[in-house]
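>>> Quick one, fold the following:
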Amino acid sequence: MPDYEILDCATLAERWKVPESWVRDQVRSRVTDPIPHVQFGRYVRFEWQHPDLMEWFERRRTHYRKNGR
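Reported below is the predicted structural model:
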């Protein structure tokens, strides 16, 4: 099993340059497609570079074409 770096909400937010509150909102059960995470009671952790996390990120990527086409 690969070893992934384990991040908390604050660290993930820092790496993605978003507010920590946004990350916390994105793991709540009411979100349609929550960020993949591991929960230990009230503690939420993320596996940095895990394929599930990277796929979630890619689903949010805005694709654009050169020259507006």
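>>> What is the burial count for residue 46?
Using other Cβ atoms under 10 Å, residue 46 has 24 neighbouring residues. Every residue, glycine included, has its C-beta placed from N, CA and C.
>>> so it sits in a strand?
Yes - assessed by DSSP: H, G, I helix; E, B strand; the rest coil, residue 46 belongs to a strand.
>>> Enumerate every residue touching it.
Shown in contact with residue 46 (Cβ atoms under 8 Å, 6 or more residues apart in numbering): 6-9, 12, 35-38, 53.
>>> would you turn these into TSV with neighbour count, secondary structure and distance to residue 26?
Output for the contacts of residue 46, formatted as TSV (neighbours: other Cβ atoms under 10 Å; DSSP: H, G, I helix; E, B strand; the rest coil; distance: Cβ to Cβ, whole Å):
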residue	neighbour count	secondary structure	distance to residue 26
6	12	strand	17
7	19	strand	14
8	14	coil	14
9	20	helix	9
12	22	helix	10
35	22	coil	5
36	16	coil	10
37	19	coil	9
38	11	strand	14
53	18	helix	11
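>>> with those in mind, which one is nearest to residue 21?
residue 9 (8.8 Å; Cβ to Cβ).
>>> Isn't the closest one up against residue 44?
Yes - between residue 9 and residue 44 there is a contact at 5.8 Å, judged by Cβ atoms under 8 Å.
>>> Give me the common contacts of those two.
By Cβ under 8 Å, 6+ apart, residue 9 and residue 44 have these common neighbours: 24, 27.
>>> do you know how far residue 59 is from residue 49?
Residue 59 sits 16 Å away from residue 49, going by Cβ to Cβ, to the nearest Å.
>>> meant to ask about residue 23, not that
Distance of residue 23 to residue 49, computed by Cβ to Cβ: 16 Å.
>>> Neighbour count: these two, which is higher?
A side-by-side neighbour count of residue 23 and residue 49, using other Cβ under 10 Å, places residue 23 first with 23 against 10.
>>> Name the helix or strand for the more buried one, please.
Assigned by DSSP states H and E, residue 23 belongs to helix 20-25.
>>> Just the residues contacting that helix, thanks.
For helix 20-25, the surrounding residues in contact (Cβ under 8 Å, 6+ apart) are 9-10, 12-13, 16, 31, 35, 44.
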